[in-house]
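[1] structure, please.
(one chain, ligands or ions: 1)
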Amino acid sequence: MALISLRQLLDHAAEHGYGLPAFNVNNMEQIKAIMEAAAAVDAPVILQGSAGARTYAGEPFLRHLVLAAIEMYPHLPVCMHQDHGASPAVCIRSIQSGFSSVMMDGSLLEDMKTPASYAYNVETTRKVVEMAHACGVSVEGELGCLGSLETGRAGKEDGHGAEGELDPSLLLTDPDEAADFVRQTQVDALAIAIGTSHGAYKFTRKPTGQVLRIDRVKAIHQRIPTIHLVMHGSSSVPEDWAQMINDYGGDIGQTYGVPVEEIVEGIRHGVRKVNIDTDLRIASYGAMRKFMVEDRKNFDPRKLYKAAQTAMTAICRARYEAFGAAGQAAKIKPLRLEDMSLAYAQGKLDPIVR
Ligand SMILES: O=C(COP(=O)(O)O)[C@@H](O)[C@H](O)[C@H](O)COP(=O)(O)O
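    Prediction:
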């Protein structure tokens, strides 16, 4: 099989009523863990590289690791997605280096901290869509700023994201504005703000419908039924893995993530891409701490990395199964990006806006 565009993958997910985890990748162990889990359950794959990953690994390493995954698992469709592009220039460079999907995050200015105006968001996103679609590459936009509806604070934890307290209207995507945004930009997928945030500290207690607004997913989906909704900050922060970090000398505070059953409810109402990074960090970190304490004589780091990989594979497999992606890979025949570009030009992929 081959590289596939996000649009084709998510159109398939919408047609068959499932969702796809989009795992962030930084190194070989993460990519192998995701691919091993996907192969075990026959799931299509989205591998996404953040700005942090590009700084950590370097774009050529990231790209070649994804290409190695495609070569090693020729029967699985793989989308190479660029997470949180800060500007059209970042997105264009990713398209040039072979990504089949990019995210233009125009909800923030190029510093990735200052909330942008709606007009700026529309203009930068529209520009990226025009160039990306000409190459058959998909575009995810973002409307609203990620942050906590419990505290009203923006979700700055991972080196990007707004800072401080935000106007509550920014923390919740408005369905009317979403419809207008899609009409003007023609994005393929839309990241929405519904109370989730990046990192380990999302909620101080198990989230209720007041602070995790799945009802808003439903309202937005009704207005833009063909646009694939994206939940960022959707790690579930499993208690057992966080506890493992603490059991072996770490110090993770009490915290709650996004319950898997709430994500599944979102998938029933148009969520197709679910961003997950923290869960793999927590599982691998817990497994490594445990391994180092329990096997003090070891000096082969490969055994340590293997423990991390095994832990991540278990999380990935559980998410593929819970989101209904298991058993779907063999049903997909990736189209060439040239074919996608033609379909855009012929208006076959134009959005429905109500
Ligand atoms: O939504 C995301 C992850 O959510 P999560 O923290 O796992 O709940 C990603 O889109 C983030 O962009 C990613 O975690 C940021 O990674 P770095 O910039 O720190 O590499």
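[2] what lies in contact with the longest strand along the chain?
    Looking across the chain with DSSP state E, the single longest strand is strand 78-85. With contacts defined as CB atoms under 8 Å, 6 or more residues apart in numbering, strand 78-85 is touched by 1-6, 9, 22, 24, 44-51, 53, 63, 66, 69-70, 90-91, 94, 98-105, 112, 128, 140, 160, 275. In this view, the C-beta of every residue, glycine as well, is placed from N, C-alpha and C.
[3] so which of those sit within strands?
    Per DSSP E, those map to strands at 22, 24, 45-49, 101-104, 140, 275.
[4] quick revisit: now a PyMOL select for only the buried ones of the contacts of strand 78-85.
    In PyMOL, a selection of the buried entries from the contacts of strand 78-85 looks like this (16 or more other CB atoms under 10 Å):
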select buried, resi 1+3+4+5+6+9+22+24+44+45+46+47+48+49+50+51+53+63+66+69+70+90+91+94+99+100+101+102+103+104+105+112+128+140+160+275
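[5] from the contacts of strand 78-85, which are also near the ligand?
    24, 50-51, 53, 160, 275 (CB under 6 Å from any ligand atom).
[6] which residue in the residues you listed has the weakest pLDDT?
    Lowest in pLDDT among those is His160, which has 64.
[7] burial of whichever residue of the stretch 1-150 of the chain sits closest to the ligand, as a residue count?
    Nearest to the ligand, among the residues of the stretch 1-150 of the chain, is Gly52, at 2.4 Å (CB to the nearest ligand atom). Burial of Gly52 is recorded as 16 neighbouring residues (other CB atoms under 10 Å).
[8] and for Asp240?
    The burial count for Asp240: 10, using other CB under 10 Å.
[9] now do Glu165, the pLDDT please.
    78.
[10] typed the wrong thing, it's Gly161
    At Gly161, pLDDT is 69.
[11] now Ser169
    On the pLDDT scale, Ser169 gets 86.
[12] tell me the contacts of the closest residue to Glu338 other than its chain neighbours?
    What sits nearest to Glu338 in space, not counting adjacent residues and going by CB to CB, 6 or more residues apart in numbering, is Gly136, at 5.9 Å. By CB under 8 Å, 6+ apart, Gly136 lies in contact with 5, 336-342, 344.
[13] check Val45 too.
    The contact partners of Val45, by CB under 8 Å, 6+ apart, come to 34-35, 38, 69, 76-79, 329.
[14] show me which of the residues you listed are buried.
    34-35, 38, 69, 76-79, 329.
[15] tabulate those residues (a markdown table), appending pLDDT.
    Formatted as a markdown table, the buried ones among the contacts of Val45 follow (pLDDT from 0 to 100):
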| residue | pLDDT |
| --- | --- |
| Ile34 | 98 |
| Met35 | 98 |
| Ala38 | 98 |
| Ala69 | 97 |
| Leu76 | 98 |
| Pro77 | 98 |
| Val78 | 98 |
| Cys79 | 98 |
| Ala329 | 98 |
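[16] just to check, Gly249 is in contact with Arg289?
    Yes: between Gly249 and Arg289 there is a contact at 6.3 Å, judged by CB atoms under 8 Å.
[17] so what's the residue count around Ala345?
    12.
[18] same thing with the one 5 residues further on?
    Using other CB under 10 Å, Asp350 is surrounded by 11 other residues.
[19] that one falls within a helix, correct?
    No: assessed with DSSP: H, G, I helix; E, B strand; the rest coil, Asp350 is coil; it does not lie in a helix.
[20] next, give phi and psi for it.
    phi -60, psi 140 (degrees, to the nearest 10).
[21] now do the same contact list for it.
    Counting by CB under 8 Å, 6+ apart, Asp350 touches Gln186.
[22] and the helices in this protein?
    With DSSP state H, the ranges of helices along the chain come out as 6-16, 28-41, 51-57, 59-72, 88-96, 118-134, 175-185, 214-223, 239-247, 260-267, 278-294, 301-322, 337-345.
[23] so which bits of the last one are buried?
    In other words, helix 337-345. Under the neighbour-count criterion of 16+ other CB under 10 Å, helix 337-345 has 337, 340-341, 343-344 buried.
[24] what comes into contact with it?
    With CB under 8 Å, 6+ apart, helix 337-345 has contacts from 3, 5, 7-8, 100, 133-138, 335, 349.
[25] then that helix to PDB, C-alphas only?
    Provided in PDB are the C-alpha atoms of helix 337-345 (Å, rounded to 0.1, in the frame of the first residue of the first chain):
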ATOM      1  CA  LEU A 337      -2.300  12.600  -4.600                       C
ATOM      2  CA  GLU A 338      -2.700  13.500  -8.300                       C
ATOM      3  CA  ASP A 339      -6.100  11.900  -8.300                       C
ATOM      4  CA  MET A 340      -7.100  13.800  -5.200                       C
ATOM      5  CA  SER A 341      -6.000  17.000  -6.800                       C
ATOM      6  CA  LEU A 342      -8.200  16.300  -9.800                       C
ATOM      7  CA  ALA A 343     -11.100  15.500  -7.600                       C
ATOM      8  CA  TYR A 344     -10.700  18.900  -5.800                       C
ATOM      9  CA  ALA A 345     -10.500  20.700  -9.100                       C
END
